[in-house]
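Visitor: got a predicted structure here, sequence first:
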Amino acid sequence: MFDLARIRNDFPHLQRSIEGSPVVYLDSANTSQKPTAVIEAMQQFTKQSYAPINRSAYRMAAAATDAYENARLLVANFINAGSPDEVVFTKNATESLNLFAHGWSRQRLQQGDVVVLTHMEHHANIVPWQMMAAERGIDIRWIPLTDDGRLDLSDLDNIVDGAAVVSFTSMSNVLGTMNPVREIVDRSHAAGATVMVDACQSVPHAVTDVQAMGADLIAFSGHKMLGPSGIGVLWGRSDILDQLPPLMGGGNMIDDVRLDTFSCAPVPAKFEAGTPPIIEAIGLGAAVQYLSSIGMAEIRQHEMELTQYALDTLTERFGSDIVIHGPRNIEERGGVLSFAFRDLHPHDVSQVLDEKNVCVRAGHHCAKPLMRIIEANATVRASLYLYNDTNDVDILANALTSADDIFGL
Amino acid sequence: MFDLARIRNDFPHLQRSIEGSPVVYLDSANTSQKPTAVIEAMQQFTKQSYAPINRSAYRMAAAATDAYENARLLVANFINAGSPDEVVFTKNATESLNLFAHGWSRQRLQQGDVVVLTHMEHHANIVPWQMMAAERGIDIRWIPLTDDGRLDLSDLDNIVDGAAVVSFTSMSNVLGTMNPVREIVDRSHAAGATVMVDACQSVPHAVTDVQAMGADLIAFSGHKMLGPSGIGVLWGRSDILDQLPPLMGGGNMIDDVRLDTFSCAPVPAKFEAGTPPIIEAIGLGAAVQYLSSIGMAEIRQHEMELTQYALDTLTERFGSDIVIHGPRNIEERGGVLSFAFRDLHPHDVSQVLDEKNVCVRAGHHCAKPLMRIIEANATVRASLYLYNDTNDVDILANALTSADDIFGL
Amino acid sequence: MPGLEDLYREIILDHYRNPRNRGELETPPAISTDGHNPLCGDEITLYMLVEDGVVSEIKTNGQGCSISQSSASMMTQAIRGRTLAEAEALIHHFKHMMSIEDHHHDDPGDTPALGDLEALQGVVKFPVRIKCAVLPWNTLSQALESA
Amino acid sequence: MPGLEDLYREIILDHYRNPRNRGELETPPAISTDGHNPLCGDEITLYMLVEDGVVSEIKTNGQGCSISQSSASMMTQAIRGRTLAEAEALIHHFKHMMSIEDHHHDDPGDTPALGDLEALQGVVKFPVRIKCAVLPWNTLSQALESA
Ligand SMILES: Cc1ncc(COP(=O)(O)O)c(C=O)c1O
Ligand SMILES: Cc1ncc(COP(=O)(O)O)c(C=O)c1O
């Protein structure tokens, strides 16, 4: 059962109040708060079980290795991976995306080869490819947007025609749009492309089944899904991961090293050079267990209801004074609400909201190309998660009215 | 004052006993245990202050950013960096070493350019250069060893002659040898090379003053110096960091992104793509504060005494049955004792020690080229840190004798 | 906690609503310099005409929050008609007020008064906004370097 | 906790001290295959001569711990004179005993007895050492693939 009161209680940072008023945390698309279960798991592990992994053979080290590998298994099950070996631990989704973009380009792509991205990508799924465009002469093609902030797939088959790679986000971190992943994957595969999905914004909020999704690789971050900072995931089909060269060299990723050459360990070790985020893996394991105990379908349901409530409330209260980006249809969007409020600059709006302890992000959300396309140099973004409730939305709406007093509009 | 009893008390995992006997942790060269101060700092931050950094503008986010930047300042002061901007947070020392090896090679080195390493390097300072040797046609030259496990500098000027880069470890993680860093740096600089020091094994154990050291860059890991996993450091002189391209692209490392191109943020942000290890930086900050409160000179003094005690004890007890690698002179070595015990395989020795809860590493210590040179396919390695005492050494020695009973020697 | 009234003084809102010296200048003879704040996306273009070592004309264009916009507006007022040396001194003076520079050129002889700009003093209590207030000034610094 | 006597059985130590079938075979006619364990650095080279579908000669060389060495020694004894199919079956049988393979070919007809190798059963209680015990067997698997 989805017991909101109990869930809220699980998050110590949400219990905080500043100067008498509670903290209203609406910045989870940026990074999420952590439940006690995650904090405790990390602390207990550090206090009672911390040891090196994959290197030493004494029991404590073997137990730590098992705990780390068990975290991999938990993550694999959470996304329905075919095998835990398909789950690579990185430092964040950005590393996951770079690992693929750099490795695949250097290994397989030539001057003139085409990589397809979309206009709604996060910098993490743009800049790595621009680096490779500069280094290898790769061409980037873009899937454009419709006016209501969805991907315009009308010309998709032409765009992906002959493309070597298609890499796109499952959900926009600015517009909230949830993309038709399976359709894009299939049409890209039909064109012969290898497909990567930036799943940063969907894995924390909805059921993820990589087998049903059909993509070749996906990337996501631990810190956006109740886990700690310092850990991200690259999932990939094993035949793809086998072909992908490592981004970094060092301990653990090798099979053998001689003065003149080295050979790689099998996946996933090949991609995990150096001491990995051990404590963080334990934390991420606890996070997916916590999420599963609540149920991803239930979380998505809660967020849909809350997003609908937020759309309704804000539109009723502010009418044309508020412009909310992205699709209206709740089935096609996640709990991310980017908006413009009157003619106020987002930075000023966020300042006024902060006065009421309402935490939102104001800025370009690491998606500057998208911002230019929607002709905003910034937006205010309120993003929802399992621990938010209608009261949070009401406080947001009330806080917005106080902008009137200050800017005298 | 160096109060050993109190220090030991600060480490919860060292309080543990398994089946009635205490845990004797002699694997700190691999990864160190964590004091309560570090565990608490991370937990408190996560419970009471967790928020995104460098992205949002509300007070909680600003405070988290300040905490993260304060950790950078603490690390900068700890190594006497000229400015906190010279301190880059990575995921581990391996990333730091790759960042430099890959970036510098791709930016500045051509076919036939020479990089000098030593025969005692960790894989993390070999494989990244081998990757670049394969990609860019770089030549690697090696500084050899003397019979007693020190660097043989007799031919150094010839070896570094014409080299573009010299990269070497400040202390061997296998032999314990502390290298004459300043001398090698100066002679390499005289030859015109850029100099990187892999300081993984020295930063946790002795005073580090990057300005006195003279190197252009150094790398080290948080988890070996009482900090959490998931964070490492690259320190570099700002003119070098300015020229070094980023390893990864994404959020936070950009100045601007357009559909056709991007520009980089100034250092250190340029190297910190994506959400960084926030909680981990807080932990590392607490770790260097803890180390400083005890005093790095005092820690080195303690380890020298304890290493001498260990050398004496093991040699007295086992005579020629034990062969300890590395220099005898305590001034030239750290608290790392790699040894061969009779003709037993290191794996079997570690198994017997584990029976007594003595945690040592048996293997190649991520230094396979070195192992081939010293003609061992593995060694047993006991490594000491501030929290170890003579009792730990005695238990190790006693546990070694029990190998007799089992292998009947 | 400092109240929002410390940040959004009346005079600041006035400059925000009615920015002075907004627009462009022909280049050349004027020079133009771009500045931006990667955190919030604020962008500014500064146009400056220097004649006989004096900033004879200055205008700004771009998008930004109330703080960066009003700071730009007030800056143009304070800078216009100043010598390059005076402009430099004003930059230091302003950055000192924003508490991001230690050294204050407090010889009143060569430091022009900040005037309206004093109203931005309250920004110091909101550290995240200091970058907004300083953006036009950093852009001016760059412009002076190329002048 | 399992005691070390479960691991270091007398028969294991005997094979460790006096390895059987140690050495090399001339290649060709024999084939040689290298195996190693990246964790601990153990290395093994396996030489195998196959005649008429039967492993007529088998020897091993290399460096390793008591477990990998004794496992290799016992393996050579068990494999010598077996058909390729029997060798395959033995590998599965052994891996099953090491609890790293689910399916046990328990039709006694085609599964040769493990004999001395049963002594390695205790290794299962020391999961880190399973890799040591299995190293020679994985190398044999590879050798059979190329045979
Ligand atoms: C000398 C040396 N260099 C590099 C490393 C790699 O450090 P990390 O695994 O934390 O990246 C280590 C630690 O194993 C080391 O001892
Ligand atoms: C869609 C999307 N992709 C990638 C990222 C990058 O994630 P991280 O910063 O954790 O590497 C984010 C988060 O900011 C995101 O929202």
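Guide: Alright, I've got the coordinates. Please read all numbers here as calculations on a predicted model, not as lab measurements. Ligands and ions are numbered 1, 2, ... in the order given.
Visitor: list the buried residues for stretch A:200-212?
Guide: For stretch A:200-212, burial by neighbour count (16 or more other Cβ atoms under 10 Å in any protein chain shown) applies to A:200, A:201, A:202, A:203, A:204, A:205, A:206, A:207, A:208, A:210. The way it works is simple: take the backbone N, C-alpha and C, and place the C-beta from them, glycine included.
Visitor: reformat those as CSV; add pLDDT.
Guide: CSV is the format used below for the buried residues of stretch A:200-212 (pLDDT from 0 to 100):
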residue, pLDDT
A:200, 98
A:201, 98
A:202, 98
A:203, 98
A:204, 98
A:205, 98
A:206, 98
A:207, 98
A:208, 98
A:210, 98
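Visitor: list phi and psi for the nearest residue to residue A:21 once chain neighbours are set aside.
Guide: Leaving aside its sequence neighbours, residue A:21 sits nearest to residue A:357 (Cβ to Cβ, 6 or more residues apart in numbering or on different chains; 5.1 Å). Dihedral pair for residue A:357: phi 60, psi 20, per degrees, to the nearest 10.
Visitor: before we move on, back to that, which of the buried residues of stretch A:200-212 fall within helices?
Guide: Among the buried residues of stretch A:200-212, the ones falling in helices (DSSP state H) are residue A:210.
Visitor: run through the residues of chain A sitting next to ligand 1.
Guide: Contact residues, chain A versus ligand 1 (Cβ under 6 Å from any ligand atom): A:251, A:274, A:275.
Visitor: over to chain C?
Guide: For chain C, no residues are found near ligand 1 under the criterion Cβ under 6 Å from any ligand atom.
Visitor: ok, back up a step: the residue nearest to residue A:21 and residue B:122: what is the separation?
Guide: Distance, residue A:357 to residue B:122, using Cβ to Cβ, to the nearest Å: 48 Å.
Visitor: between these two, who's got more neighbours?
Guide: Neighbour comparison, residue A:357 and residue B:122: the larger count goes to residue B:122, with 25 against 21 (by other Cβ atoms under 10 Å in any protein chain shown).
Visitor: now do the strands in chain C.
Guide: Assigned by DSSP state E, chain C shows strands spanning C:31-36, C:43-51, C:54-63.
Visitor: could you tell me the angle between the first one and strand C:54-63?
Guide: It refers to strand C:31-36. For strand C:31-36 against strand C:54-63, the angle by axes from the mean of the first three to the mean of the last three Cα atoms, to 10 degrees is 40 degrees.
Visitor: so how many other residues sit close to the residue of chain C at minimum distance from ligand 2?
Guide: Ranked by Cβ to the nearest ligand atom, the top residue of chain C for proximity to ligand 2 is residue C:39, at 14.0 Å. Counted by other Cβ under 10 Å, the residues lying close to residue C:39 total 20.
Visitor: give me the phi and psi for residue A:281.
Guide: Per degrees, to the nearest 10, the backbone of residue A:281 is at phi -60, psi -40.
Visitor: typed the wrong thing, it's residue A:125
Guide: Here is the backbone geometry of residue A:125 (degrees, to the nearest 10): phi -110, psi 20.
Visitor: give the contact list for it.
Guide: Residues near residue A:125 by Cβ atoms under 8 Å, 6 or more residues apart in numbering or on different chains: A:97, A:117, A:167, A:168, A:169, A:198.
Visitor: any idea which helix or strand carries the fourth one?
Guide: Right, the one you point to is residue A:168. In the assignment (DSSP states H and E), residue A:168 maps to strand A:165-169.
Visitor: ok, now the second one?
Guide: When secondary structure is defined by DSSP H and E, residue A:117 falls within strand A:114-118.
Visitor: can you give the contact residues for that strand?
Guide: The contact list for strand A:114-118, computed with Cβ under 8 Å, 6+ apart, reads A:105, A:109, A:125-126, A:129, A:132-133, A:138-145, A:151, A:159-160, A:162-169, A:179, A:188, A:193.
Visitor: of the residues you listed, grab the buried ones for PyMOL.
Guide: The PyMOL selection below is limited to those of the contacts of strand A:114-118 classed as buried (16+ other Cβ under 10 Å):
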select buried, chain A and resi 105+109+125+126+129+132+133+138+140+141+142+143+145+151+159+160+163+164+165+166+167+168+169+179+188+193
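Visitor: tell me the pLDDT at the residue of chain C found nearest chain B?
Guide: As assessed by Cβ to the nearest Cβ, chain B sits closest to residue C:128 within chain C, at 4.5 Å. With respect to pLDDT, residue C:128 has a value of 84.
Visitor: state the distance from the residue of chain C closest to ligand 2 to residue A:365.
Guide: Plainly put, residue C:39 is 11 Å away from residue A:365 if you go by Cβ to Cβ.
Visitor: residue A:173: neighbour count?
Guide: Neighbours of residue A:173 (other Cβ under 10 Å): 28.
Visitor: ok, and the closest non-adjacent residue to the residue in chain A positioned nearest to ligand 1?
Guide: Here chain A gets closest to ligand 1 at one residue, residue A:274, 3.0 Å apart by Cβ to the nearest ligand atom. Nearest non-adjacent residue to residue A:274, counting by Cβ to Cβ, 6+ apart: residue B:94, 2.7 Å away.
Visitor: would you mind listing what in chain A touches chain C?
Guide: Proximity of chain A to chain C is confined to A:18-19, A:345-348, A:351-352, A:355, A:362-364, A:368, A:371, A:377-378, A:406-408 under the rule Cβ under 8 Å from any Cβ of the partner chain.
Visitor: about what we covered before: would TSV of the strands of chain C with distance to residue A:46, mean neighbour count and mean pLDDT be doable?
Guide: Output for the strands of chain C, formatted as TSV (distance: least, Cβ to Cβ, whole Å; neighbours: other Cβ atoms under 10 Å in any protein chain shown; pLDDT from 0 to 100):
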stretch	distance to residue A:46	mean neighbour count	mean pLDDT
strand C:31-36	42	19	92
strand C:43-51	45	20	93
strand C:54-63	46	20	93
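Visitor: including distance to residue A:221, could these go into a markdown table?
Guide: Below are the strands of chain C laid out as a markdown table (distance: least, Cβ to Cβ, whole Å):
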| stretch | distance to residue A:221 |
| --- | --- |
| strand C:31-36 | 27 |
| strand C:43-51 | 29 |
| strand C:54-63 | 30 |
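Visitor: list the helices and strands the lowest-mean-pLDDT helix or strand in chain C packs on?
Guide: Ranked by mean pLDDT, DSSP states H and E, the weakest helix or strand in chain C is helix C:4-7, scoring a mean of 84. Here helix C:4-7 touches helix A:346-355, going by 3 or more Cβ pairs under 8 Å, 6 or more residues apart in numbering or on different chains; DSSP states H and E.
Visitor: in the helix it packs on, what counts as buried?
Guide: So for helix A:346-355, counting by 16+ other Cβ under 10 Å, buried means A:346, A:347, A:348, A:349, A:350, A:351, A:352, A:353, A:354, A:355.
Visitor: stretch A:364-380 too?
Guide: A:364-374, A:376-380.
Visitor: where does chain C come near chain B, residue by residue?
Guide: Neighbours of chain B within chain C, by Cβ under 8 Å from any Cβ: C:1, C:36, C:38, C:39, C:40, C:127, C:128, C:129.
Visitor: can you map out the helices along the chain?
Guide: Just going to use chain A. Assigned by DSSP H, the helices in chain A fall at A:4-9, A:36-48, A:59-78, A:93-108, A:127-136, A:156-160, A:181-190, A:210-213, A:238-243, A:278-294, A:296-318, A:346-355, A:368-373, A:390-407.
Visitor: not quite, go with chain C.
Guide: C:4-7, C:10-17, C:66-79, C:84-97, C:127-146.
Visitor: hang on, the earlier thing: quick one: the residue nearest to residue A:21 from residue B:197, how far?
Guide: Taking Cβ to Cβ, one finds residue A:357 at 46 Å from residue B:197.
Visitor: same check on residue A:201?
Guide: Residue A:201 sits at a distance of 41 Å from residue B:197 (criterion: Cβ to Cβ).
Visitor: returning to what we had before: quick one: pLDDT of the residue of chain C closest to ligand 2?
Guide: If you check residue C:39, the pLDDT there is 72.
Visitor: again with residue C:124
Guide: So residue C:124 comes in at 88 (pLDDT).
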